[in-house]
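S.K.: Quick one, structure for this:
(one chain, ligands or ions: 1)
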Amino acid sequence: MTEPADQVLQGYRQSIDNIDAALVHMLAERFKVTQAVGRHKATHGLPPADPGREERQIARLRQLATEAQLDPEFSEKFLRFIIDEVIRHHARMQA
Ligand SMILES: O=C(O)C(=O)C[C@]1(C(=O)O)C=C[C@@H](O)C=C1
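M.R.: Predicted coordinates:
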């Protein structure tokens with residue numbers, strides 16, 4: 001017996017909703033940590049951006065993405081987007 005098409009789609013969407021919720025929670029935790037990093041950098045006069053660290057993070061993530069069969073270009077763009085936002089937050093704290 002085949003499941004009706006709309007039930008199949010609903011099943012997929014339930015999984016997508018769970019994954020999206022996990023992504024939001026993970027991002028919230030990441031930004032909590034980077035807020036603390038921003039305060040630490042502001043207190044100690046450290047620059048908002050650390051290009052060397054970013055290069056290592058991107059290389060690592062691209063490798064992980066390839067192993068996980070995720071497009072490494074996409075994973076780099078995604079991390080770049082997040083890091084750029086973090087740098088903006090850090091810079092605002094130092095203004
Ligand atoms: O590790 C740091 O120094 C951070 O400020 C965190 C972070 C990141 O979001 O991962 C953000 C900015 C830096 O350029 C590098 C990394």
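
S.K.: Tell me the residues of this structure that contact the ligand?
M.R.: Residues of the chain lying close to the ligand (CB under 6 Å from any ligand atom) are 34, 37, 49-50, 53-54, 57, 83, 86-87, 90. Placement of C-beta: from N, CA and C, glycine included.

S.K.: in this structure, what spans have low per-residue confidence?
M.R.: 1 (pLDDT under 70).

S.K.: which residue ranges form the helices in it?
M.R.: 5-43, 51-67, 72-94 (DSSP state H).

S.K.: So for the second one, what gets flagged as buried?
M.R.: Across helix 51-67, burial judged by 16 or more other CB atoms under 10 Å covers 58, 61-62, 65.

S.K.: which of those lies closest to E3?
M.R.: Of all these, A65 has the smallest distance to E3: 32.3 Å, by CB to CB.

S.K.: how near is that closest one to Q14?
M.R.: Distance of A65 to Q14, computed by CB to CB, to the nearest Å: 25 Å.

S.K.: Ok, I82 next?
M.R.: Look at I82 and Q14: by CB to CB, they are 26 Å apart.
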